[in-house]
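*Asks:* Sequence isn't available, so here's the structure alone:
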């Protein structure tokens, strides 16, 4: 089920950029819009038709933080490692979905965004944004890496996503007021208002004390998880192989996973199926004709029949019918149940 924000003022998203902000939403030509986006970050745009293009691109500031209010009917935007090396952007981006639906492929996860959702992305990693047909609207807030890490207490290594929460609504309201230029908090000091923004982000994304555990254990576990992710295609990947590579006993390896509510074997199995789900979704979005058996092999399954059976057990349908953008529960977070 798609999550939606229900504001007490139901016009908050609908009127973002309206009410005296016509200039902010000045319609651009396809060339103007493309140029504006490329100035903000290097990318390749797919599915733009100058004859039918509709879009706007409005940079503004949220108490000293750079932000963008943008919308268009473009189908896909790709940002590769080549683009990241070219422009050297390091600031994180907090993206709000104002209208329409999108899917973002980032850090080996494919997440669907519905109206009111937000997502934190790292521009140093490849990103692909898929938009549904029609005009889709976003707001983006650029967050300096050093300040964000200092306030969160950790450096985000992958995509962080949240649906409709009170913190979402407060952050969005700050951005909408700033984009209009007539918010009630305009006279407040920018430095203090930025602290408000970071505190809201910490409420959204910072792990709880129970999740942190000891720094040494967390670092070891993170390294093991990275090792598993890097070798998912290896059908011989087993707990004993992983323990030997990490130079710990199999018993201690299992203890690390049991403390997090799962087992090493289950984690490997779940991660493989989650990766297969993402590859199948991307296969559909890109209209590829890649054989399903190759996706199975790429996820460490030697036998397609076995893969198909396990996939059906996990997702309730065979790989051949897994053709729509899946709900967020089909991401790698499922490998570590609460």
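*Replies:* Yes, it's here. All values reported here derive from a predicted model rather than from experimental measurement.

*Asks:* Would you mind pulling up the elements that the top helix by length along the chain packs against?
*Replies:* If each helix of the chain is counted by residues according to DSSP state H, the longest one is helix 264-285. Judged by 3 or more C-beta pairs under 8 Å, 6 or more residues apart in numbering; DSSP states H and E, the packing partners of helix 264-285 are strand 102-106, strand 109-113, helix 215-230, helix 239-246, helix 250-258, helix 292-298, helix 304-315. Every C-beta, even on glycine, is put in place using the N, C-alpha and C of the backbone.

*Asks:* Please tell me how far residue 180 sits from residue 174.
*Replies:* Residue 180 is 11 Å from residue 174, where distance means C-beta to C-beta, to the nearest Å.

*Asks:* which residues in this protein form helices?
*Replies:* According to DSSP H, the chain carries its helices in the segments 30-40, 81-87, 145-152, 166-180, 190-205, 209-212, 215-230, 239-246, 250-258, 264-285, 292-298, 304-315.

*Asks:* since we're on residue 314, how many residues are nearby?
*Replies:* Residue 314: 17 surrounding residues under other C-beta atoms under 10 Å.

*Asks:* quick one: it and residue 229, what's the gap?
*Replies:* With C-beta to C-beta as the criterion, residue 314 and residue 229 are 18 Å apart.

*Asks:* And for residue 119?
*Replies:* Taking C-beta to C-beta as the criterion, residue 119 is separated from residue 229 by 20 Å.

*Asks:* what's the answer for residue 275, then?
*Replies:* Distance from residue 275 to residue 229, counting by C-beta to C-beta: 8 Å.

*Asks:* So if I had to pick from the two, which one is more boxed in?
*Replies:* When neighbours are counted by other C-beta under 10 Å, residue 275 and residue 229 differ, and residue 275 comes out ahead with 21 against 14.

*Asks:* wait, the more buried one sits on residue 296?
*Replies:* No. In this structure, residue 275 is not within contact of residue 296 by C-beta atoms under 8 Å, at 10.7 Å.

*Asks:* circling back to that earlier point, any residues in contact with both of residue 275 and residue 229?
*Replies:* Common contact partners of residue 275 and residue 229 (C-beta atoms under 8 Å, 6 or more residues apart in numbering): residue 108.
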